[in-house]
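Engineer: coords below, sequence missing:
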């Protein structure tokens, strides 16, 4: 195994975890990781920037996720147009009372999940995250703040559905 | 240097160890004197800890051999070859029929008259004449449905023809005027073949009602679902063909 492959192999479990947190489905997560690795390997020599390899791979994977997501939304809209119903997207306003942090985490937006995973779990710096998202560091901080508050509220079960709240 | 009292961003930066040592101490002192802010910070820290703990399991997934860098490299090489192979498929499709090349073209244009002509053509090329090698074989490489799902997300499931004695054995990707297509070949112990063919409905989104037609010695059952068009092709006048014709939904 050469040096590049060795570095990649160490990061693959992290990429799979990140992809899983985005897609919430193990087989599409692995497809995403595969697409990411294909892209990374085919652009290795000319595009690989200096710095943290993990951050670069996260950014490729995240971008591919967004592209696929956009495509599937377009596809869902097209289906809806032709068949009169949407098949792909589960409702964003699903009201499930979150009991645990993980459940709460799953209800955040994809970007919020990515942010929390990069910062809280993987320990990337704000600057690295800013580069991945291509926004200023200040923006990263305010989005992170919103993500943390949302996570907090969801784990406490404070969701906009008073009828379902347990009253003491 | 941050200003006092720290704003919310500073508190996040404190949690994430993104402050300088002197700023970190400032925030710490502030927190010891402000129990409410300290409680908020503590709650965020706990959320982060719980997140780390609950996501740590996801690092322990069994390895997926498909993701090994060496396997990815191999696949990249194969893909560039497949690119050439797809170009060859188009050429074949035009030249096989000789004069019928134009006829086939007209048939695609008038696709109301002859739906899923490409599925029949693919059956002849692959299942009957064996002109194109399989991209995927069951057994060596694993599960046929998983292979198909890689290319056609959310398409109808492969029909189960086990009761009729047919099992999926190989798959092949093709390019057509309507977009990428895949054909899965089923075989029974006597070597008879049935194909399952799937592709997008094309730029005009030509969706099909459930239907059936014969073309020479072949029979095609076709339908649309989940955004794709499908066909099942088999030699006609066989028990399996009759069974397919009687199937309302696949």
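Structural biologist: Nice, thanks for sending it over. Since the model is a prediction, treat every value here as computed from it, not as a measurement.
Engineer: point out where chain A drops to low pLDDT.
Structural biologist: In the predicted model, chain A carries pLDDT under 70 at residues A:1, A:46-49, A:71-100, A:157-168.
Engineer: same question for chain B.
Structural biologist: Using pLDDT under 70, the flagged stretches of chain B are B:80-113, B:140-142.
Engineer: near chain A, which residues of it show up?
Structural biologist: Residues of chain B that fall close to chain A, judged by C-beta under 8 Å from any C-beta of the partner chain: B:8-9, B:12-13, B:16-18, B:43-44, B:47-48, B:50-52, B:54-55, B:58-61, B:64, B:66-70, B:72-73, B:75-76, B:146, B:149-150, B:153-154, B:205, B:207, B:226-227. Every C-beta, even on glycine, is put in place using the N, C-alpha and C of the backbone.
Engineer: just the buried ones from these?
Structural biologist: Among the residues of chain B next to chain A, those buried by neighbour count (16 or more other C-beta atoms under 10 Å in any protein chain shown) are B:9, B:12-13, B:16, B:18, B:44, B:47-48, B:50-51, B:55, B:58, B:64, B:66-69, B:72-73, B:149, B:153, B:226-227.
Engineer: which ones are touching the residue of chain B most remote from its centre?
Structural biologist: Computed with C-alpha atoms, centre = their mean, the residue of chain B farthest from its C-alpha average is residue B:33, at 57.2 Å. Residues near residue B:33 by C-beta atoms under 8 Å, 6 or more residues apart in numbering or on different chains: none.
Engineer: for chain A, which segments count as helices?
Structural biologist: A:3-23, A:26-42, A:44-47, A:53-83, A:101-106, A:110-116, A:126-133, A:137-155 (DSSP state H).
Engineer: need the ones you listed in a markdown table with distance to residue B:243, can you?
Structural biologist: Shown next, in a markdown table, are the helices of chain A (distance: least, C-beta to C-beta, whole Å):
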| stretch | distance to residue B:243 |
| --- | --- |
| helix A:3-23 | 38 |
| helix A:26-42 | 31 |
| helix A:44-47 | 52 |
| helix A:53-83 | 28 |
| helix A:101-106 | 43 |
| helix A:110-116 | 45 |
| helix A:126-133 | 54 |
| helix A:137-155 | 51 |
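Engineer: JSON lines for these, including distance to residue B:190 and mean neighbour count?
Structural biologist: Below are the helices of chain A laid out as JSON lines (distance: least, C-beta to C-beta, whole Å; neighbours: other C-beta atoms under 10 Å in any protein chain shown):
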{"stretch": "helix A:3-23", "distance to residue B:190": "42", "mean neighbour count": "19"}
{"stretch": "helix A:26-42", "distance to residue B:190": "34", "mean neighbour count": "20"}
{"stretch": "helix A:44-47", "distance to residue B:190": "50", "mean neighbour count": "9"}
{"stretch": "helix A:53-83", "distance to residue B:190": "39", "mean neighbour count": "16"}
{"stretch": "helix A:101-106", "distance to residue B:190": "50", "mean neighbour count": "20"}
{"stretch": "helix A:110-116", "distance to residue B:190": "51", "mean neighbour count": "20"}
{"stretch": "helix A:126-133", "distance to residue B:190": "57", "mean neighbour count": "19"}
{"stretch": "helix A:137-155", "distance to residue B:190": "59", "mean neighbour count": "18"}
